[in-house]
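Student: build me a model from this:
(chains A and B)
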Amino acid sequence: MDLQNLFVISIGVIFINNLVFARFLGICPYIGVSKQLDSAIGMGAAVTFVLTLASTVTWLIYTYLLAPTESNIFFRLFGGTTPPDLTFLKTISFILVIASLVQFVEMVIQKSSPALYKSLGIYLPLITTNCAILGAALLNIDEGFTFIESVVHGIAAGIGFTIALLLMAGIREKLEMAPIPEAMKGIPIAFIMAGLMAIAFLGFSGLKLGN
Amino acid sequence: MSVVHEFTKGFYKQNPVFKQALGLCPTLAVSNSVESALGMGAAATFVLLCSNFIISLIRKIVPAKIRIPIYIVVIATFVTIVDLAMAGFLPALHKTLGIFVPLIVVNCIILGRAEAYAGKNNVGLSIVDGLGMGLGFTCALLLLGAIREFLGNGSLLGIPILSANFEPVLIMILPPGAFLTIGFVLGFFNWLENRRAK
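Tutor: Below you'll find the model as predicted:
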C-alpha cells in the first residue's frame, strides 16, 4: 500500500482541485445550503458519507460489470472471444446506483438512528441531483484510480466540499449584518465571496506534491 | 398561456440561470470561452427537448411514486446519445467539456422542467417549453462566456478583437473569474428589476 500516493490524492482533491472552487461541482447545494452554519455541517456530513459509498460502489460496478477487461463478470460467466465493452452504460448505471444508494441510506438511517435522520434527513434527497457525487465517481474512472485510491478520493472530495461549505456559511452569517447594496444581496454577493475564496484556493495550485 | 409566451419565458422572465439559479455547475465550468459555451448550450438544449418530448408522452402511464427514477433514466439515455455523438463527431469539443457532458444528467434544469412542466402538459407545449428553456440556458452561457473570453483573452470565438496592447485579465478565464462574473451579472439583473419596480 503506497501511503504517500494516497496522501497526495487527498491533499490534491481537498485543496488544489477542490470540488467547489476548481471543478465547479456541487454549486447548487453550495449556494443553497450555506446560509447557516449548522445546516452546512449537516449537508457536508451527508455529502461526505454518500460520496464515499458512491465512489466505492461505482468503482466496483465499472470494473467488474462494464469495463472490457479479463475480470468482467459477464466475460467470466459466458465466455466468448473478447470481453464485452459496456462502458457506454456508465452514465445511466452510475446515476441509478447513486439514486438508489441515497434512498437506501435514507431508509437505514431512519430505522437505525432517528436523531441522525432528523439532522441529515432533509438533505439526503437533494444529494441525488448533486453533481459532486456523480462528478467524483466519473473522475475516479477518468483518472484510472485503483480501488483504494477511489475510496480515499471519495472521502477526501467530501471533506473538501465540507470545508468549502463551512467557510462559506461562516462568512454568510456575518454578511447578514453587513451593509450590502440592495441589488447584490443574497445570491450575487455569495458568488462574489466564492470568487474571492477561489482566488485564495488558487494559491494552493503552486504546491508541489510527490515526485 | 399562449405558445409564444411558453417559448419566450425561458429567455428572460424565467431564465433558468439568472432567474431560477438552476444549472449553475455547468454554467460556471464551461463559460470560459464562447465556443465551449455554445457546445454545452446545444447539448443541453437537445437533451431538454428530447426528454420533455418523451416525458410528456408517457406522463399518463408513469406511476407518481416512481416518476423521478423514470425521468432520470429517460434523461440519462439522451445524455448518453449526446455523449457518444459528440465523442464521434466533435472530439476536440468533447475533450474541452470533459466530465460535464455526462454531468448533464444531474443538471437541475432538465429534471426541473420534467417535473414542473413536461409531466403536466401536452406534447406540443412541452416541446416549445424545452426549446425555449434550452435556448434561454444557451443565451445565459453565451453571455457569461463572451464576458469572460473578452476580458480574459481579448477575443471572441477565438478571434482576437482588442489590439496587442491589451493586457488580458487572466483571472477571468480561471475558475475564480466564473464566480465573480456570475455574481456581478446577477447583481446587474437584480438592479434592473429593482429600478423597474420603482
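Student: state the mean pLDDT of the helix or strand where A:A115 lies.
Tutor: According to DSSP states H and E, A:A115 maps onto helix A:114-120. The average pLDDT within helix A:114-120 is 73.
Student: could you give the number of residues near the residue nearest to B:G154 when sequence neighbours are not counted?
Tutor: Closest residue to B:G154 apart from its sequence neighbours, by C-beta to C-beta, 6 or more residues apart in numbering or on different chains: B:L162 at 4.1 Å. Quick note: C-beta positions are derived from backbone N, CA and C, even for glycine. For B:L162, the count of nearby residues is 14 (other C-beta atoms under 10 Å in any protein chain shown).
Student: for A:F104, same thing?
Tutor: 11.
Student: over to A:A156?
Tutor: 25.
Student: also the one 5 residues further on?
Tutor: Neighbour count of A:F161, defined by other C-beta under 10 Å: 28.
Student: and it, helix, strand or coil?
Tutor: helix (DSSP: H, G, I helix; E, B strand; the rest coil).
Student: so what touches the helix holding A:A115?
Tutor: A:42, A:45-46, A:106, A:109-110 (C-beta atoms under 8 Å, 6 or more residues apart in numbering or on different chains).
Student: for B:T80, state which of those residues is nearest.
Tutor: The closest of those to B:T80 turns out to be A:E106 (C-beta to C-beta; 27.0 Å).
Student: which residue is the nearest non-sequential neighbour of that closest one?
Tutor: A:L124 (4.6 Å).
Student: okay, and for chain B, where does confidence drop off?
Tutor: B:1, B:163-164 (pLDDT under 70).
Student: so which residues of it form helices?
Tutor: B:3-8, B:24-30, B:34-58, B:67-89, B:91-97, B:108-113, B:123-153, B:175-197 (DSSP state H).
Student: any idea which of these is most buried?
Tutor: helix B:24-30 (a mean of 26; mean count of other C-beta atoms under 10 Å in any protein chain shown).
Student: which residue is nearest the centroid of chain B?
Tutor: In chain B, the centroid-proximal residue (C-alpha atoms, centre = their mean) is B:F137; its distance is 3.4 Å.
Student: just checking, that one touches B:G23?
Tutor: Yes - under the criterion of C-beta atoms under 8 Å, B:F137 makes contact with B:G23 at 6.3 Å.
Student: overlap in contacts of those two?
Tutor: With C-beta under 8 Å, 6+ apart, B:F137 and B:G23 have common neighbours B:16-17, B:44, B:109.
Student: A:L138 contacts B:L103, correct?
Tutor: Yes - here A:L138 reaches B:L103: they are 7.4 Å apart, a contact under C-beta under 8 Å.
Student: and the most far-flung residue of chain B relative to its centre, how far from B:N153?
Tutor: Distance to the chain centre peaks in chain B at B:N165, reaching 34.0 Å (criterion: C-alpha atoms, centre = their mean). Separation of B:N165 from B:N153 (C-beta to C-beta, to the nearest Å): 15 Å.
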